[in-house]
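Colleague: sequence unavailable; structure follows:
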């Protein structure tokens, strides 16, 4: 597990790598006990070099399944700057390589993200800009296209499902029941995305949603339909866009 940090997270110290693994394994174990977390197609994430993961954001729980699927690469995150206001929590998420984002066009955050990717590491972003309100995917912000065009690293869509039902915005604490699943899609060439008129934003959004719906169907099968609760999250983005 610890023998190839130079490949998994180049440029980080051994202590940083061990700390990240310890917390990821601890949180992953909790998620597997309480919510039977399932990880699908982690092998789609390249084992070496810079890689950008693009995921949907349902809940504060999302980093747990995302860390589980990207465990082999020890992913970094871009997070809202107000999350760093609390000194203890800010120090904690910094120790997981989180990058503070002050606003949508924060050039310092973009530079830090590009530096992370140029160093050959793995970075996860949430292009919706915040947690969803109803379990469905919101439109992606355009900043992701700029990052893809400048970073020129493989882009891997990742869909997570179940986190909204376990810990929606309206609850202070997560429920102790439910299911979590996460799935990675195949890596996409950044040049291919950049050639599209919108920089590949809509293609990525639909691919992330397809993966999310795969996991939603899987959870329904596994629980006899008890989870997730029926709602807006059942509708694919193509249907939502058609109806406004």
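Modeller: Yes, it's here. Bear in mind that the values here come from a model prediction, so they are computed numbers and not experimental data. Numbering: from 1, shown residues only.

Colleague: ok, now which ones touch the spatially most central residue of the chain?
Modeller: The centre of the chain sits closest to residue 55, judged by Cα atoms, centre = their mean, with a distance of 3.9 Å. Contacts for residue 55 were tallied using Cβ atoms under 8 Å, 6 or more residues apart in numbering; they are 62, 66, 124-126, 157-160, 208. Where you see a C-beta, it was placed from the backbone N, CA and C, and this is true even at glycine.

Colleague: JSON lines please, covering those residues and showing pLDDT.
Modeller: Shown next, in JSON lines, are the contacts of residue 55 (pLDDT from 0 to 100):
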{"residue": "62", "pLDDT": "97"}
{"residue": "66", "pLDDT": "97"}
{"residue": "124", "pLDDT": "97"}
{"residue": "125", "pLDDT": "95"}
{"residue": "126", "pLDDT": "95"}
{"residue": "157", "pLDDT": "98"}
{"residue": "158", "pLDDT": "98"}
{"residue": "159", "pLDDT": "98"}
{"residue": "160", "pLDDT": "98"}
{"residue": "208", "pLDDT": "98"}
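
Colleague: and the buried ones among the residues you listed, selectable in PyMOL?
Modeller: Applied in PyMOL, the following selects the buried portion of those according to 16 or more other Cβ atoms under 10 Å:
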select buried, resi 62+66+124+125+126+157+158+159+160+208
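
Colleague: where does this structure dip in pLDDT?
Modeller: Within the chain, the stretches with pLDDT under 70 are 1-3, 104-105, 240-244.

Colleague: the helices in it, which residues?
Modeller: Counting by DSSP state H, one finds helices in the chain at the ranges 5-8, 14-35, 63-69, 87-94, 107-118, 143-151, 163-166, 190-194, 201-223, 237-242.
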